[in-house]
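> Curious how this folds, go ahead:
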Amino acid sequence: MRMFLLALLATAVLGISAQAQKIEGVWTLTEITTTGPNAGTKQITQPSMYLFTKKHYSIIYVSSDAPRDASDPATMDADHLREVFVKSFVANAGTYELKAGKLTLHPMVAKSPTYMQGGRWLKESVTISGNNMTLTTDSSNEGPSKNPTTFKFTRIE
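Residues are numbered from 1 along each chain as shown. Down below sits the predicted model:
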């Protein structure tokens, strides 16, 4: 009986370790599906990069449907600057935990100062199958996700 329990414990530890290793790497965002009043699915055609190391993550992606305007920012008005540098670009990085199929992100630095305030976190359900990963919003420090969003990825490294 004791050997069985030790084998079971070893299997659980190895399973958790294998799960953590599966998320490590570089992923590209391929699709976003939203629910709620403005529900829909959007194929991602612009650059994106989600990086996961053993404990840290970094997220950078262009959220617009078209490439961002590469004009000289000095010639842009305020609305144009917001569109290029705020509305169409997502960036944050920090630490993460992966436990029981849930990924919890703890941002440390972000494009949005409010997103990196102390105590912020985002929890997502994670499914990894080969070189594909799906993250679905679950909850945050503000409560359960009212209209969950699903993000689909392909591993690139």
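> and the end-to-end length of stretch 32-45?
In terms of Cα to Cα, to the nearest Å, the two terminal residues of stretch 32-45 are separated by 11 Å.
> element containing the spatially closest residue to Ser145 that is not a sequence neighbour, please.
Nearest residue to Ser145, sequence neighbours excluded (Cβ to Cβ, 6 or more residues apart in numbering): Thr137, at 4.3 Å. (Each C-beta comes from the backbone N, C-alpha and C, glycine too.) Using DSSP states H and E, Thr137 falls within strand 132-140.
> The next helix or strand after that strand: how far from the chain's middle?
Sequence order places strand 143-144 as the next helix or strand after strand 132-140, per DSSP H and E. Once both centres are worked out by Cα atoms, centre = their mean, to the nearest Å, strand 143-144 turns out to sit 17 Å from its chain's centre.
> Buried residues, the helix or strand following strand 143-144. List them.
Following strand 143-144 in sequence order, the next helix or strand is strand 149-155 (DSSP H and E). For strand 149-155, burial by neighbour count (16 or more other Cβ atoms under 10 Å) applies to 150-153, 155.
> Same question for stretch 105-116.
So for stretch 105-116, counting by 16+ other Cβ under 10 Å, buried means 105-107, 110, 116.
> for the buried residues of strand 149-155, which one is nearest Met76?
Phe151 (29.5 Å; Cβ to Cβ).
> and the next element down the chain from the helix or strand harbouring Ile59?
Element membership for Ile59 (DSSP H and E) is strand 56-62. For strand 56-62, the following helix or strand on the C-terminal side (DSSP H and E) is helix 78-82.
> tell me which residues of that following helix are tucked away?
Buried-residue list, helix 78-82, by 16+ other Cβ under 10 Å: empty.
> mean confidence for it?
The pLDDT scores in helix 78-82 average 94.
> Now for the nearest residue to Val86 once chain neighbours are set aside: which residues touch it?
Of all residues not flanking Val86 in the chain, Lys111 sits nearest, at 7.6 Å (Cβ to Cβ, 6+ apart). Lys111 makes contact with 86, 89-92 under the criterion Cβ atoms under 8 Å, 6 or more residues apart in numbering.
> if we can go back for a sec, now the strand holding Ile59 and strand 149-155, what's the angle there?
100 degrees (axes from the mean of the first three to the mean of the last three Cα atoms, to 10 degrees).
> which of the residues in strand 56-62 are buried?
For strand 56-62, by 16+ other Cβ under 10 Å, it's 57, 59-62.
> how about it as CSV, C-alpha atoms only?
C-alpha atoms of strand 56-62 as CSV (Å, rounded to 0.1, in the frame of the first residue of the first chain):
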residue,chain,number,x,y,z
HIS,A,56,7.3,34.5,-15.9
TYR,A,57,5.2,35.5,-18.9
SER,A,58,5.2,38.3,-21.5
ILE,A,59,2.3,39.2,-23.8
ILE,A,60,2.5,41.5,-26.8
TYR,A,61,0.1,41.6,-29.7
VAL,A,62,-1.5,43.9,-32.2
